[in-house]
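Trainee: fold the stuff below for me.
(one chain, ligands or ions: 2)
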Amino acid sequence: MTRQALIIDCDPGVDDAVALMLAFGSSELDLLAVTAVGGNVPVEKTARNARMLRQIAGRLDVPVFMGADRPLRREPAGAGEFHGAEGLGDMTPFEPDAPCAEGHAADAIIELVMGRPEESVAVAVLGPLTNLALALRKEPRLAGRLGPVAIMGGARSEGGNITASAEFNIWADPEAAAEVLATGCDAVLFGLDATHQVRATEARIAALEAAGTPMADAAASMMRFSQRVERRIVGWPSLSEWGPPVHDPCPVAWLLRPDLFQLKPCRIAVETESELTRGHTAVEFRPSVAGSLPHRWAVSADAEGIFALIAGAVRPRRTI
Ligand code: BDR
Ligand code: CA
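Mentor: Numbers count the residues shown, from 1 in each chain. Ligands and ions are numbered 1, 2, ... in the order given. A predicted model of the protein is given here:
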C-alpha cells in the first residue's frame, strides 16, 4: 500500500498536539514535514512546541520548519487563554534536542510539493492559513500540484468560537484563507459544524491515560487542560454530559479514514471586509450557483472512530 505523503501546517496548540500525535503514530502516513505558523501562540513557541512533540513521539526523522510570524495583513491575535501561555496547556516547556530545519515553511511547502508527482502530497492546515497563502503567492503553480488541502477551519451552522460568526483559524488571517480558497485547490474544510461533534469525554480521556505511553500521556494532558479551560470560558454543563471539542485531529483522521466523515461539495468564500463578521465562511451548496471551485465542507464526524484512531496511534508499540 502506498503511504499518503503529508505536510502538517500547524500552531501547537493543545489540539494541534493531539493531531501531531495521531500523525506521528500512523504508519499509513508519509509525514514529509511539520511547518509551524504563528497562531495560538507566537511562531517561535509553535515551532518549539512542534519540536517538543516530535521528540516525545521519537520522530526526529520529520523536519520542522518555522513559518510566518504574523498574518498577511492583520495584527497577530493569539488564543493563549485556550492553550496556555506556552501553547501546550500544563506541559512544561523544554528546549528540544533538535533544531528547526533551515528555511521558511512556505519555501519548504513549495519544494516538497513541486518536487513530487502531481496531487500526491496532501497538506493538513491546522492553524491560520498564512504559510500556505505565502507559498501560493510565491509559486502559483502550486495550486494545481497540491493533493487534498484538509483544513481545520470555518464556522456555519454551529456559529463561531472567537466571534459569533467566525472560527479562530479563519478569523486570525481571513485574507490568507480567502486567497487559498480562491486558488481552486482541492480544499476540504473541517469547521466547527463537524469538529464540535468530536468531544473528549471523560471516558475517552481516561482510555488514553490508561495506555501509559509518552505519546498517550501527552495527548491526554492536552485534553485534560481543555476540559478545564473550555468549561470555564465557554461555560458548558456537567462533565458527565460534555467534553471539550478536539478540532485539529479531524483533517488528519480524514486522510487516514475518509469514511469517518460526511462531506458536501460546495464553494466557500471568506468575509474579509466586515469587522462584525470577519472570517465568516460563506458556504454555498446550491449547485447552480456554486460554480466550479472544488471545495468540500464537513457536515458530520464519527467521534468514536476518530478517538479509536488516536488511541491506536499512541498505544504501546509491539516489539519483535
Ligand atoms: C482552532 O483554533 C485553534 O485555537 C485550535 O488549535 C484549532 O486549530 C479551533 O477553532
Ligand atoms: Ca490549531
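Trainee: enumerate the residues of the stretch 1-150 of the chain near ligand 2.
Mentor: 11, 13, 16, 126-127 (C-beta under 5 Å from the ion). Where C-beta positions appear, they are placed from N, C-alpha and C, glycine not excepted.
Trainee: what about the closest residue to ligand 1 within the stretch 201-320 of the chain, how many residues nearby?
Mentor: Residue of the stretch 201-320 of the chain nearest ligand 1, by C-beta to the nearest ligand atom: residue 247 (4.3 Å). For residue 247, the count of nearby residues is 28 (other C-beta atoms under 10 Å).
Trainee: roughly how far apart are the closest residue to it other than its chain neighbours and ligand 1?
Mentor: Distances taken as C-beta to C-beta, 6 or more residues apart in numbering place residue 195 nearest to residue 247, at 4.0 Å, with adjacent residues excluded. Applying C-beta to the nearest ligand atom, to the nearest Å, the value for residue 195 to ligand 1 is 7 Å.
Trainee: looking at the residues of the stretch 1-150 of the chain next to ligand 2, which is nearest ligand 1?
Mentor: Closest to ligand 1, out of all of those and judged by C-beta to the nearest ligand atom, is residue 13, at 3.9 Å.
Trainee: dump the residue contacts of the closest one.
Mentor: If a contact means C-beta atoms under 8 Å, 6 or more residues apart in numbering, then residue 13 has 39-41, 46, 49, 79, 83, 87-88, 126-127, 248 as its contacts.
Trainee: now do 10 Å
Mentor: Applying C-beta atoms under 10 Å, 6 or more residues apart in numbering, we find residue 13 in contact with 19-20, 36, 39-41, 45-46, 49-50, 79, 82-84, 87-89, 126-127, 168-169, 222, 247-248.
Trainee: surely the residue nearest to residue 247 touches residue 18?
Mentor: No: if you go by C-beta atoms under 10 Å, residue 195 and residue 18 don't touch, sitting 11.8 Å apart.
Trainee: mutual contacts of those two, please.
Mentor: 246-249.
Trainee: I'd guessed residue 133 sits against residue 185; true?
Mentor: No: with contact defined as C-beta under 10 Å, residue 133 does not reach residue 185; the gap is 11.0 Å.
Trainee: where does the chain have its least confident helix or strand?
Mentor: helix 287-290 (a mean of 77; mean pLDDT, DSSP states H and E).
Trainee: what element comes up after it heading to the C-terminus?
Mentor: strand 295-301 (DSSP states H and E).
Trainee: quick one: buried residues of that next one?
Mentor: In terms of neighbour count (16 or more other C-beta atoms under 10 Å), strand 295-301 has its buried residues at 295-299, 301.
Trainee: name the helix or strand for the nearest residue to residue 204 once chain neighbours are set aside, please.
Mentor: Once flanking residues are discounted, residue 204 sits nearest to residue 307: 4.8 Å by C-beta to C-beta, 6+ apart. Using DSSP H and E, residue 307 falls within helix 303-314.
Trainee: got the buried residues for that helix?
Mentor: In helix 303-314, counting by 16+ other C-beta under 10 Å, buried: 303, 306-311, 313-314.
Trainee: using TSV, lay out those residues together with pLDDT and distance to ligand 1.
Mentor: Shown next, in TSV, are the buried residues of helix 303-314 (pLDDT from 0 to 100; distance: C-beta to the nearest ligand atom, whole Å):
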residue	pLDDT	distance to ligand 1
303	97	16
306	98	15
307	98	17
308	97	21
309	98	18
310	98	15
311	97	20
313	97	18
314	96	18
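Trainee: of those residues, which ones also sit close to ligand 2?
Mentor: Answer for the buried residues of helix 303-314 near ligand 2: none qualify (C-beta under 5 Å from the ion).
Trainee: OK, contacts around residue 105?
Mentor: Contacts for residue 105 were tallied using C-beta under 10 Å, 6+ apart; they are 7, 9, 33-37, 43, 47, 64-68, 130-132, 134-135.
Trainee: switch the cut-off to 8 Å
Mentor: 9, 35-37, 65-68, 131.
Trainee: closest residue of the stretch 201-320 of the chain to ligand 2?
Mentor: Per C-beta to the ion, residue 248 is where the stretch 201-320 of the chain lies closest to ligand 2, at 4.9 Å.
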